[in-house]
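A.B. asks: Need the 3D shape of this:
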Amino acid sequence: MNDAPHYDVIVIGTGAGGGTLAHRLAPSGKRVLILERGGFLPRERDNWDSTAVFVKGKYRAPEFWFDQHGRAFPPEVNYYVGGNTKFYGAALFRLRPQDFGELRHHDGISPAWPIRYEDLEPYYTQAEHLYRVHGRHGEDPSEGPASAQYAYPPVEHEPRIQQLSDDLEKQGLRPFHLPIGVDLDQDAAGRATPSSACIRCNRVDGFPCLVRGKSDAQVVCVEPALSHPNVELVTNAHVLRLDTDPAGRTVTTVVARLAGGEEARYSADVVVVACGAVNSAVLLLASANDRHPHGLANGSDVVGRFYMRHNNLALMAVSKEPNDTQFQKTLALHDWYLGADDWDYPLGGIQMLGKSDAEQIHGEAPRWAGAATPDMPFEVMAHHSVDFWLCGEDLPLPDNRVTLDGDGGIHLALDETRNTAGLKRLQHKLQGMLGHLGMHEHHLLDHSLYLHKGMPIGATAHQAGTVRFGTDPASSALDLNCKAHELDNLYVVDTSFFPSIGAVNPSLTAIANALRVGDHLLERMA
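C.D. replies: Next comes the predicted model:
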């Protein structure tokens, strides 16, 4: 046990939600303690090695969860300062205005949010500027209004991707520059300048950045926050439970296990949970007590339920011409985000993935054995690859949920067949265009390394929705400020609060909301 001092705020987690919130609170002078389950990611050559990162999963947490049938699987989670932003692709999209309202899909309803796009818009702008998002508002036909232009110009397309953009426009479509968070300074030709942190390499997607050029939460938020003397960070602190006062209205103690195995106890006026949608729900469920027999903030029985993670396809096309692109993640297409002329329901979006290399191709070799011909060995295929990410909306279903067993094991139940019709149509649209885009029409290969090879349930990168917010305590766990309805000092600021997930990467919305909740907390503590 330890006798730690009392803090104004404890933030549990250092990712897009927790790291951003700590950054917002740091200049206030309030005493802030950040607890992070992992340590700092080692900076080493393996950070950029495809075999280490993708094939061997070197940096993935060495743990197993269980599916609804009790089968163990390794989840796609990383416990480091910066959270999963250390490995994200830094595609930082806003949700569409329509995503905040009720949307009808082929397989059900995506529910409305209790706030509007306009409520979050100022924070989206702040988030884009804080995370150095490069883009150009006005290009994306599905985006909502923006109160300010991106602070940084789009990352320029390399020649093969510029040709792809031109070919898409010839099909009557409206491709646009993908908004991406990188510390990049470009010259007139689009090349990284000598002083640029980002070097426009082919390691942007799924890899941690060795040169600190990617806008992850550690670099952008946690380290600047720690420059304030009122902010402390404890690493390798796995928070096990939250204890409350006898009335069950206030979190009094945060109980963590430290690197040496000893237990530490911390206290604060305000406790903020930001462990990721699965682990935040796990922490609340594990904190059950006499006043909260089903877990903290869970009188509505929604904690752990309504888990979402996007319906995704990672696909590799094979270009007829070589693709010498290094920084491929510069283009996206949202023409069918909300529907198509032959389909009344949303399809989702298409964006570029990081460029495949020979190691990744070899990692897929057993699955692709029939796709390579004597004229196209795997090395040639890698040189000609053009990589796409297709993203469709997942629906929040109450039985898609996180639960704990008697031994503390994490169980994740997921219906993997829900609301996939739109995504299949999106794939069909891409497949039908390949010939017009300079690709081999019959080479569109499932790139499962990006989708957690083996068991798709393990692809938890876009997890959301397990501690949803709302106005009614009977159907939500959090209020509009992301404070637990049932507790006076407990907040949740990762993607857990999402009532729906849209069909764009969730990170920017988590960042923007953390800034919004941060302003609320500053007002509360004033």
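A.B. asks: thought residue 61 was touching residue 80?
C.D. replies: No. In this structure residue 61 lies outside contact range of residue 80 using C-beta atoms under 8 Å: 9.5 Å. To be clear about C-beta, it is placed using only N, CA and C from the backbone, and glycine gets the same treatment.
A.B. asks: what about the residue nearest to residue 140 when sequence neighbours are not counted, distance to residue 350?
C.D. replies: Once its chain neighbours are removed from consideration, residue 140 has its nearest residue in residue 176; the separation is 4.7 Å (C-beta to C-beta, 6 or more residues apart in numbering). Taking C-beta to C-beta, to the nearest Å as the measure, residue 176 and residue 350 are separated by 11 Å.
A.B. asks: Check residue 265 too.
C.D. replies: Distance, residue 265 to residue 350, using C-beta to C-beta: 49 Å.
A.B. asks: Neighbour count: these two, which is higher?
C.D. replies: Counted by other C-beta atoms under 10 Å, residue 265 and residue 350 do not tie: residue 350 has more neighbours, with 25 against 14.
A.B. asks: Now do the helices in the chain.
C.D. replies: Using DSSP state H, the helices assigned to the chain run over residues 18-25, 50, 117-130, 159-170, 217, 223-226, 277-286, 358-363, 378-384, 421-433, 507-525.
A.B. asks: what's the least confident stretch among these?
C.D. replies: Of all those, helix 358-363 carries the lowest average pLDDT, namely a mean of 75.
A.B. asks: Let me see the mean pLDDT of the longest strand anywhere in the chain.
C.D. replies: For the chain, the strand reaching the highest residue count under DSSP state E is reported as strand 263-273. Confidence over strand 263-273 (mean pLDDT, whole number) is 98.
A.B. asks: Which neighbouring elements make contact with it?
C.D. replies: Using 3 or more C-beta pairs under 8 Å, 6 or more residues apart in numbering; DSSP states H and E as the contact criterion, the elements in contact with strand 263-273 are strand 6-12, strand 32-35, strand 238-244, strand 251-257, helix 277-286, strand 490-492, helix 507-525.
A.B. asks: picking that back up, most tightly surrounded among the helices of the chain?
C.D. replies: helix 217 (a mean of 32; mean count of other C-beta atoms under 10 Å).
A.B. asks: Can you list the low-confidence ranges for the protein?
C.D. replies: 1-3, 365-375, 448-455 (pLDDT under 70).
A.B. asks: re earlier: columns distance to residue 151 on top of the helices and strands packed on strand 263-273, output as TSV?
C.D. replies: Below are the helices and strands packed on strand 263-273 laid out as TSV (distance: least, C-beta to C-beta, whole Å):
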stretch	distance to residue 151
strand 6-12	26
strand 32-35	26
strand 238-244	35
strand 251-257	36
helix 277-286	29
strand 490-492	28
helix 507-525	14
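A.B. asks: and the closest residue in space to residue 19 that isn't next to it in sequence, what is it in contact with?
C.D. replies: The shortest distance from residue 19 to any non-neighbouring residue, by C-beta to C-beta, 6+ apart, is to residue 217 (3.2 Å). When the contact criterion is C-beta atoms under 8 Å, 6 or more residues apart in numbering, the partners of residue 217 are 14, 15, 16, 18, 19, 20, 82, 83, 85.
A.B. asks: what's the answer for residue 318, then?
C.D. replies: Under the criterion of C-beta under 8 Å, 6+ apart, the neighbours of residue 318 are 376, 381, 384, 385, 386, 439, 440, 443, 445.
A.B. asks: at 6 Å instead, please
C.D. replies: 384, 440, 443 (C-beta atoms under 6 Å, 6 or more residues apart in numbering).
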